[in-house]
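**Student:** 3D model of this:
(one chain, ligands or ions: 1)
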Amino acid sequence: MSIINPAQLKYIESFRKGDDSLLIEMEEYARTNNIPILSWDAAEFLEQLIRITNPKRVLEIGTAIAYSSIRIARNLKKKGMVHTIEKSVDNIALAKSFIERTGYGNKITIFEGDALDIMPGLNKKYDLIFLDADKEDYKRLFDYSMVLLKKGGIIFIDNLLWHGYAAASKVPKAYKVSTKHIKEFNILFMSQVNLKASILPIGDGIGLGIKI
Ligand SMILES: C[S@@+](CC[C@H](N)C(=O)[O-])C[C@H]1O[C@@H](n2cnc3c(N)ncnc32)[C@H](O)[C@@H]1O
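**Tutor:** Next comes the predicted model:
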């Protein structure tokens, strides 16, 4: 279920230039293989944000097939780099093969393993962190992210409206637990004193925070 009126989304997407055949192939691959990736409109927003803020060090938690890693990397300036964490062996292999087909292999480093194990061992801070992993891990991954985020840095979090269920009065049984996790997380995210935080109705709901 999309949180945005499909007609509006279709209208916005009608402006897509279609000059990114690999990205279109990746979107199709993700769709047919049920691999969740950032929606096109949220990825457009993320690309703009990268251009506006020009981060040197980006950390992504949840690579999947590297769709968003590539979209980040292609907007970075010369010295910019993305570190992306992925625990699924299958997704790591797919991500590597897609990255190989771009010119961005030198900008993207995959950290292989569980972010809950990897993040405590990272010590250099990041300008932008994109959190897009298992929803039940969001709270702990967010805590690690806040430690690793520079002051003035940006945190970008996907799925905070969770197919619309975060704000729905009736939630299907299959989504009850995940919706509970997201709603608890949203309270935590929006009440951080050291974060200027917003939830934006883009894609599946983007949490955007600036560390203050
Ligand atoms: C929503 S997908 C990421 C999509 C990707 N960011 C994109 O937009 O193209 C979530 C991915 O995070 C991975 N993941 C979930 N929890 C994780 C964790 N704790 N550590 C590392 N990877 C994790 C899953 O295996 C999955 O591939």
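**Student:** List the contacts of the residue in the chain that the ligand sits nearest to.
**Tutor:** Proximity of the chain to the ligand (Cβ to the nearest ligand atom) peaks at Gly62, 2.9 Å away. Using the backbone N, CA and C atoms, a C-beta is placed for each residue, glycine as well. Going by Cβ atoms under 8 Å, 6 or more residues apart in numbering, Gly62 touches 84-86, 115, 131-134.
**Student:** Touching, Val171 and Tyr165? I think so.
**Tutor:** Yes: under the criterion of Cβ atoms under 8 Å, Val171 makes contact with Tyr165 at 4.8 Å.
**Student:** contacts for the lowest-mean-pLDDT helix or strand in the chain?
**Tutor:** Using mean pLDDT, DSSP states H and E, helix 6-13 stands out as the lowest-scoring helix or strand of the chain, at a mean of 92. By Cβ under 8 Å, 6+ apart, the residues outside helix 6-13 that reach it are 2, 40-41.
**Student:** 6 Å instead, please
**Tutor:** For helix 6-13, there are no external contacting residues (Cβ atoms under 6 Å, 6 or more residues apart in numbering).
**Student:** List the buried residues in it.
**Tutor:** Leu9 (16 or more other Cβ atoms under 10 Å).
**Student:** Next: stretch 23-31.
**Tutor:** 23, 26-27, 30.
**Student:** So, low pLDDT: which residues of this structure?
**Tutor:** Scanning the chain for pLDDT under 70 picks out the ranges 1.
**Student:** now for the longest strand along it, which elements pack on it?
**Tutor:** Determined from DSSP state E, the single longest strand within the chain is strand 149-157. The elements that strand 149-157 packs onto, with contact taken as 3 or more Cβ pairs under 6 Å, 6 or more residues apart in numbering; DSSP states H and E, are strand 126-131, strand 206-211.
**Student:** Run the chain-centre distance for the first one.
**Tutor:** Between the centre of strand 126-131 and the centre of its chain there are 9 Å (Cα atoms, centre = their mean, to the nearest Å).
**Student:** Taking strand 149-157 as reference, get the angle to it.
**Tutor:** 30 degrees (axes from the mean of the first three to the mean of the last three Cα atoms, to 10 degrees).
**Student:** can you check the last one too?
**Tutor:** If you take the same axes, to 10 degrees, strand 206-211 sits at 170 degrees to strand 149-157.
**Student:** hang on, the earlier thing: mind giving me the PyMOL command for buried ones among the contacts of Gly62?
**Tutor:** To isolate the buried ones among those in PyMOL, judged by 16+ other Cβ under 10 Å, type:
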select buried, resi 84+85+86+115+131+132+133
